[in-house]
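In: Following is a predicted model, sequence given first.
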Amino acid sequence: MRTWKQFLKSLADKPRGFNADGRMVGVGLATAQDQARQRATAEVEDFLRGRAAEPRRTTTSS
């Protein structure tokens, strides 16, 4: 019988080289895809932080 910790780990971990469309994806490709998913949001966050740091021009007269 598995322990609680092993059970939670098995739920969280995705096997490397998982099936995609019935074919096996290699470990290297699976790792590259995981890294690309993580970096996708980082690029957007960097862009938004840069825009927030720029001085804002107002269109209303004071």
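Out: Happy to help now that I have it. What you see is a predicted model, and the numbers here were worked out from it, not measured in a lab.

In: Let me see the confidence value for T58.
Out: At T58, the predicted lDDT confidence score is 76.

In: and it, how many neighbours?
Out: The tally of other residues near T58 (other Cβ atoms under 10 Å) stands at 6. Glycine gets a C-beta too; all of them are placed from N, C-alpha and C.

In: quick one: secondary structure of R49?
Out: Using DSSP: H, G, I helix; E, B strand; the rest coil, the structure places R49 in helix.

In: what's around it, how many residues?
Out: 9.

In: I'd like the distance between it and D13.
Out: 32 Å (Cβ to Cβ, to the nearest Å).

In: Which of the helices or strands spans T41?
Out: helix 27-53 (DSSP states H and E).

In: Flag every buried residue along that helix.
Out: By neighbour count on 16 or more other Cβ atoms under 10 Å, the buried set for helix 27-53 is A30.

In: Please work out which helix or strand belonging to the protein has the smallest mean pLDDT.
Out: Between all helices and strands in the chain, the lowest mean by mean pLDDT, DSSP states H and E belongs to strand 19-20, at a mean of 58.

In: Now do G50, the pLDDT please.
Out: The confidence metric pLDDT takes the value 91 at G50.

In: State the distance from it to V44.
Out: Between G50 and V44 the distance, using Cβ to Cβ, works out to 11 Å.

In: Mutual contacts of the two, please.
Out: Listed as contacting both G50 and V44 by Cβ atoms under 8 Å, 6 or more residues apart in numbering is no residue at all.

In: check contacts around the residue positioned nearest the centre of the chain.
Out: Against the mean C-alpha coordinate of the chain, by Cα atoms, centre = their mean, the closest residue is Q38 at 2.5 Å. When contacts are counted by Cβ under 8 Å, 6+ apart, Q38 touches no other residue.

In: ok, so what distance separates it from E45?
Out: 11 Å.

In: same deal with F7?
Out: In this structure, F7 and E45 are 34 Å apart, going by Cβ to Cβ.

In: T59 now?
Out: Summarising the geometry, the distance separating T59 from E45, computed by Cβ to Cβ, is 27 Å.

In: can you check L8 too?
Out: In this structure, L8 lies at 29 Å from E45, with Cβ to Cβ as the measure.
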